[in-house]
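Enquirer: Here is my input; please provide its structure:
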Amino acid sequence: MNRGTGTASVASPVVPFAVVEELAGHVLRRPPSVGITRLVAVDGRSGSGKTTLARHLAAQLQAPLIHLDDLYEGWQGLAGVGSLLHGWIAEPLAQGRPARWRPYDWATGTRDDWREVPASSVVVLEGCGSGSEPLTDHLSLLIWVESDDDARRERLRGRSDWDSYRQHHFADWARQEETLLGRENTPGRADVVVLNDIAPPRLIVT
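Expert: Residues are numbered from 1 along each chain as shown. Below you'll find the model as predicted:
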């Protein structure tokens, strides 16, 4: 994550190529969901390993990867990210236009200039809330990355910015995650669950 303190280093498990290849196969077997694009969400709680998995998956599919850290409106921004994803990403792609968003600067609390990703065969979204209900009808595949609390805490403590991050994580972010997931039951709506607290990770197709 890059929340105003630089890109963090998080100790995540190695993702075997077979797991990435299997996930890519699930993506490619799905029809486009927004215009010509298969929009894929890699969702999960902080420390689940979703960023590492999404990077491997996007590389395997040669697809653009959009990190939700660019969209959240700061430490209180999780609840509103679904609407931003719908308006900035899903709707334009459905109309054959590029997805466009203004990255949030966590240090200044402002948004930078517009960035865009053209409509393509696959676009991967990564971050908690990427499978939010406003995107339900716009996703080709919703992937939930599951890790138990101990595994997630261990990875989070391995962040290079953990000392500054932890006060926000425990006071704000973790509570927002619990609220969002309690309301929307994202794991229960996922098409594929990746059990990422075991080695190697295992896929469950729902």
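
Enquirer: What residues sit buried inside stretch 43-63?
Expert: For stretch 43-63, the buried set under the neighbour-count rule, 16 or more other CB atoms under 10 Å, comprises 43-58, 60-61, 63. The way it works is simple: take the backbone N, C-alpha and C, and place the C-beta from them, glycine included.

Enquirer: Now residue 153. Nearest residue, chain neighbours left out?
Expert: residue 47 (6.6 Å; CB to CB, 6 or more residues apart in numbering).

Enquirer: I figured residue 147 hits residue 198, correct?
Expert: No: under the criterion of CB atoms under 8 Å, residue 147 is not in contact with residue 198, lying 9.1 Å apart.

Enquirer: Show me which of those two is the more surrounded one.
Expert: When residue 147 and residue 198 are compared for neighbours, residue 147 comes out ahead with 25 against 12, by other CB atoms under 10 Å.

Enquirer: Contacts only, for that one.
Expert: Counting by CB atoms under 8 Å, 6 or more residues apart in numbering, residue 147 touches 44-45, 47-49, 155, 195-197.

Enquirer: In helices, which of the residues you listed appear?
Expert: Judged by DSSP state H, the subset of the contacts of residue 147 located in helices is residue 155.

Enquirer: Help me confirm that residue 26 comes into contact with residue 141.
Expert: Yes: counting by CB under 8 Å, residue 26 does reach residue 141; the two are 6.0 Å apart.

Enquirer: neighbour count winner among these two?
Expert: Neighbour count, other CB under 10 Å: between residue 26 and residue 141, residue 141 has more, with 23 against 17.

Enquirer: And the more buried one, how far from residue 191?
Expert: 5 Å (CB to CB, to the nearest Å).

Enquirer: Same question for residue 144.
Expert: When residue 144 is compared with residue 191 (using CB to CB), they lie 9 Å apart.

Enquirer: more crowded one of the two?
Expert: Per other CB under 10 Å, whichever of residue 144 and residue 191 has more neighbours is residue 144, with 27 against 18.

Enquirer: Find the least confident helix or strand in this protein, judged by mean pLDDT.
Expert: One helix or strand of the chain scores below all others by mean pLDDT, DSSP states H and E: helix 162-168, with a mean of 67.
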